[in-house]
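Visitor: Got a sequence here, can you model it:
(2 chains)
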Amino acid sequence: MKKTILKFLSVFIAGLSILSSLQVQADEGKPVVIRIGFPGTGTGNRPIVGGSPLSTAHLKGWVEEEFKKDGIKIEWNHFKFAGPGINEAFANKLLDFSYEGDLAMIIGKAGGLNTKVLAGGGVRIPVAIAVPNDSPIKTLADLKGKRFAVQKGTAIQLAEVRALAKAGLEDKDVRAVNILGANATDALQTKDMDAVISIPYSFYPLRDRGVAKIIYDSQKSGDTDIAIAGGFIGDDAFIKKYPDITKRLLKVFVKAAQYSSDEANRNELFKLWGQDGTGFQYYREVYNGATLAERQTPLLDEYWFGRFKDGIADAKKYKLIRKDFDVNGWVDKSYLEAALKELSLENNWTAYSYDGKPIKH
Amino acid sequence: MKQKIIYGLVSSIFIAANAITPVFADETTDLLVKQVQELQKTVGDLKQELNSVKSQTPKSTESVSKEVADNGEKNATVEDVNGIKADLENFKYQYNREREYNTAQTARPLNISGFVQLRGQVDSQNNGNNLTPQSVNNNNRKSSFNNGSAALQFSGNLFKDYEDGKNLTYLLRVAANPSTPAGVNPTGNNSTINLQFASLSYNFKPTLNPEDSRLAVTVGQQLVPFGLDSAATDELKPTILGAQLAAQTPNIDIGALVKGEVKVNYDYGYSYRAPELVYYAGIFNGAGLNNTDNNGDKNYFGRLVYTVPADYNSWLRQLSFGVSGLKGKSSLAEPSGAFTNGRQDRLGFDVYYNHDPFGITYEYVKSWDERFLGTTLATKRDVQGEDHVLTAYYNIGQQFLFNQSALGTPSVATGRFDDWWPKSWQVFARYDHYDPDVNDDTKSFAAGSRLYGQNISTLGVNVFFAQTTKFQLNYNHYDRKLPGANSDDQLLAQFQYSF
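Guide: Modelled structure (predicted):
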């Protein structure tokens, strides 16, 4: 019996070796495909998400344009499970690059994902808390003991614990329920949830229909410490294997960041991003009072480092990660700096200090 | 706006009135006339302005502001709005009519699903995969197209608890048995449609939060989760044919089952949910599918599964150890024709390690049965059987990854415009050693009172070329232990689609 099993397994392993070698051969030289991820999907599960330089590059087709001559296919993946889905894909070698919000990035790295942060792009993103229109909840403190929907494992969760802390509350003081974004706003409409936290424009349609009201908006409250930060990350193995491809991709990313930061493109940009179902008017509203450049900046400046250092500390404090790590070792600025130099955009964006104020030179 | 104009008008009159200071009659008439003319002109201008505003007011109330890209430069007219209203009414009428006439409606939320297997096989032996010696091989049948299983399933919520997710759910499945090519000269249709699952489940603990442990009770006809292979549904099995231990273990039975969890580990970074301990306790007839109890004893079932606590990115992810036990009685026909109860006990151990892209499972089952054997049923023995099943597989592609995504496990985890699905491959090997009668003292038994098993070695590949459709190719080598029986090499191919 033992001989039979051994013989059988040896045939199986030989078959696997052949398959593995075929895979490696297909991957030599340049990649056949570059797989890029987005957190979330657009309305109706459409594969469009606006709001970042990567969104602009995607919708303009600039990445495909860059790699067309090489015959490299570009595969865009919009993950319904947002950050956790992206982490799952990175862990299983199904993704090469992605934009991701802070907490999911942090949990992924703390859990051992071999990623590198290559650029910013998508910071100071406000969050809001909405309740049914006739709810007695008026302040953050009123959330105590209430059913509070939050998409856990995403940047929203970190914003949630920080917002609750503003009112002297902790996660355990509310009945936090883990629900995906669209389902959460539906639950608000049916009053199955007492409150929901998300990006402000998620609530605008409900607000305009008189179904919900926004009781907290981090931007209007001036709570910059609650705003979400994000970044453009890549699989370290891919970056090391294809440094030239990575460099070219970053150049496209920076070009998209420049377009997305130019106030002359404000209306065009919101129309472009609005294809995700959010709509032009809601992008315009959520950017009301903010410059494009301060949110679309690709710079990894002191402000970005501060947000992530605080993010790691908070994630540890709120027991969202078990062990912390050094942000500096996670970031590789070289590709971004090369792209900025090549495009002569070194001084296109204002660098900000830890407290979010411009650094004066 | 109106208030401002009226205020301006009154102010102007007041100013103009002041301008007409009392004059003495002896002052020149010309000056007076000039002042009156100026006053008339001012009043005239103001009247004109007021009329202009009045003429604009009805227009602004009739128009609807249209927030478009150019920020209010275009206004919708009353006709535009009426057109949209008419369209909406037409749509509502059409929707209601089509819903009434063309949409199947149910009393409660209903999910209809099912699967079908289309199979073909080639054997090295005539009447392949036939455990009896091939003494008669007249028809030389070595190949056949067959139907595999086919099932239609209905499931849904009977009560949805929005507060805590303590839902009451139902499951109903009817399935057709495969037509079997066994036998020397099979004729006729031996396939039947049976009620396979008919159960009701209630979650006693909240299910909304993935980090909370759950407790559910299921009553009715259901799958008894003894070990790995028996508990897996056809949709998830890598092999076309199930492991032989199905002959030993309970598969579907009627009774009640409690399933609970202790200490759930939930990795939010990956939406990975893994209860550290899962326990099952059940009581069943022990008579199998669609049977009333045929004896005075019930079968008692228990299972414990321990999953190593680990983060998603750990190499220990999805490593589980399980033990299963069943204590029961079967109804035995005595040589006299009377019936008596016989022992029917099972003990199993299994290891499950599924770390995409590869996985390995091992399962061992030991059985104790009291049986009357032999051609005259003269020998009553305590028969002990055992089965070892070892399965290893390797996946290329995303099929299993997406299927295992947590948070409600929708089958498509990414947004796409089209019916996108990544092609996935799975290669696997299985070794299945089954001996229904481990006592090898064959000489002491009368003819026909010794049970013989077989070892089946399987190499296979599964190709997932659509979301719920796969092509399976299995090579099986049957090493039969029955004296005189020939070993068989078999090639099985199957399309399995589900909906």
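Visitor: Helix, strand, or coil at whatever residue of the stretch 151-300 of chain A ends up closest to chain B?
Guide: Taking Cβ to the nearest Cβ, chain B has its nearest neighbour within the stretch 151-300 of chain A at A:Gly153, 3.2 Å off. For every residue, glycine as well, the C-beta is placed using N, CA and C. Three-state assignment for A:Gly153 (DSSP: H, G, I helix; E, B strand; the rest coil): coil.
Visitor: Who are the contact partners of it?
Guide: A:82-84, A:103-104, A:107, B:268-271 (Cβ atoms under 8 Å, 6 or more residues apart in numbering or on different chains).
Visitor: mind listing which of those are in helices?
Guide: A:82-84, A:103-104, A:107 (DSSP state H).
Visitor: Let's have these in JSON lines, adding pLDDT, distance to chain B and neighbour count.
Guide: Converted to JSON lines, those look like this (pLDDT from 0 to 100; distance: Cβ to the nearest Cβ, whole Å; neighbours: other Cβ atoms under 10 Å in any protein chain shown):
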{"residue": "A:Ala82", "pLDDT": "86", "distance to chain B": "9", "neighbour count": "26"}
{"residue": "A:Gly83", "pLDDT": "87", "distance to chain B": "7", "neighbour count": "33"}
{"residue": "A:Pro84", "pLDDT": "86", "distance to chain B": "4", "neighbour count": "28"}
{"residue": "A:Leu103", "pLDDT": "92", "distance to chain B": "8", "neighbour count": "32"}
{"residue": "A:Ala104", "pLDDT": "92", "distance to chain B": "7", "neighbour count": "30"}
{"residue": "A:Ile107", "pLDDT": "92", "distance to chain B": "3", "neighbour count": "28"}
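Visitor: now, which of the residues you listed sits nearest B:Ala281?
Guide: Taking Cβ to Cβ as the measure, A:Pro84 is the one of the ones in helices among the contacts of A:Gly153 closest to B:Ala281, at 32.9 Å.
Visitor: Quick check: that closest one touching B:Gly269?
Guide: Yes: look at A:Pro84 against B:Gly269 with Cβ atoms under 8 Å: they come within range, at 6.0 Å.
Visitor: between the two, what contacts are shared?
Guide: A:104, A:153.
Visitor: separation between the spatially most central residue of chain A and B:Tyr431?
Guide: With distances taken as Cα atoms, centre = their mean, A:Glu100 lies nearest the centre of chain A, 2.4 Å away. Note on A:Glu100: its distance to B:Tyr431, by Cβ to Cβ, to the nearest Å, is 43 Å.
Visitor: cool, and A:Pro243?
Guide: For A:Pro243, the distance to B:Tyr431 - Cβ to Cβ - is 45 Å.
Visitor: try A:Lys357
Guide: 68 Å.
Visitor: out of the two, which sits in the busier spot?
Guide: B:Tyr431 (22 against 12; other Cβ atoms under 10 Å in any protein chain shown).
Visitor: Within the helices and strands, which one has the nearest residue to the more buried one once chain neighbours are set aside?
Guide: The shortest distance from B:Tyr431 to any non-neighbouring residue, by Cβ to Cβ, 6 or more residues apart in numbering or on different chains, is to B:Leu390 (4.9 Å). In this assignment (DSSP states H and E), B:Leu390 forms part of strand B:379-396.
Visitor: got it, and B:Tyr93?
Guide: In this assignment (DSSP H and E), B:Tyr93 forms part of helix B:78-102.
Visitor: number of nearby residues for the residue lying closest to A:Tyr318 once chain neighbours are set aside?
Guide: Take A:Tyr318 and drop its neighbours on the chain: the residue closest to it by Cβ to Cβ, 6+ apart is A:Val161, 4.7 Å away. Other residues near A:Val161 number 21, with proximity taken as other Cβ under 10 Å.
Visitor: Need the phi and psi values for A:Val161.
Guide: phi -70, psi -30 (degrees, to the nearest 10).
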